[in-house]
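> Okay, predicted coordinates and the sequence, questions at the end:
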Amino acid sequence: MAARTVCPERFMFVGPDRVFYAGLLGRPRRRSLGALAIVAALDGRIRVTVEGQPMREVAAAVIPAYTPTASRPTTSAYRQS
């Protein structure tokens with residue numbers, strides 16, 4: 001059996017009451033999660049758009065359940081040498 005390699009950039013913990021995920025956001029698109037969400041940038045800032053409000057660039061955001069949102073990293077997060 002081959003040894004599994006752990007990717008330090010991504011991590012997911014699934015428990016009986018909650019899920020924790022640290023990693024890539026995926027494609028920027030509108031989402032509506034069925035639970036309270038805490039979105040935080042591990043390095044830099046993220047852009048969060050909550051339906052009916054202007055886009056904000058923040059280090060972290062708390063998003064209520066069933067609230068349509070879109071989030072993505074700032075462009076500076078892509079500029080890694």
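That came in fine, so what should we check first?
> just the helices in this protein please.
With DSSP state H as the definition, the chain shows no helices.
> in it, which ranges drop under the pLDDT threshold?
1-9, 11, 23-28, 75-81 (pLDDT under 70).
> check contacts around Arg47.
55-57, 71-74 (Cβ atoms under 8 Å, 6 or more residues apart in numbering). The way it works is simple: take the backbone N, C-alpha and C, and place the C-beta from them, glycine included.
> Could you dump those into CSV and include distance to Asp43 and neighbour count?
As requested, these are exported to CSV (distance: Cβ to Cβ, whole Å; neighbours: other Cβ atoms under 10 Å):
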residue, distance to Asp43, neighbour count
Met55, 20, 11
Arg56, 18, 13
Glu57, 14, 12
Ser71, 15, 22
Arg72, 14, 16
Pro73, 9, 17
Thr74, 10, 14
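> And those residues, which is closest to Gly34?
Using Cβ to Cβ, Ser71 comes nearest to Gly34 of the contacts of Arg47, at 16.4 Å.
> Find the nearest non-adjacent residue to that closest one, please.
In space, and not counting its chain neighbours, Ser71 is closest to Val48: 4.7 Å by Cβ to Cβ, 6 or more residues apart in numbering.
> ok, back up a step: going by distance to Val14, which of the contacts of Arg47 wins?
For the contacts of Arg47, the minimum distance to Val14 (Cβ to Cβ) is 20.8 Å, reached by Ser71.
> That closest one contacts Arg45, doesn't it?
No. With contact defined as Cβ atoms under 8 Å, Ser71 does not count as touching Arg45 (10.8 Å).
> Give the bridge partners for the closest residue to Val50 other than its chain neighbours, please.
Of all residues not flanking Val50 in the chain, Thr69 sits nearest, at 5.1 Å (Cβ to Cβ, 6+ apart). Beta-bridge partners for Thr69, by DSSP bridges, are Arg31, Val50.
> What is the neighbour count of Thr69?
Thr69 has 18 neighbours, counted by other Cβ atoms under 10 Å.
> Between the contacts of Arg47, which sits nearest Val39?
Val39 has its nearest neighbour among those in Ser71, at 5.4 Å by Cβ to Cβ.
> gap between that closest one and Ala60?
Using Cβ to Cβ, to the nearest Å, we find Ser71 at a distance of 11 Å from Ala60.
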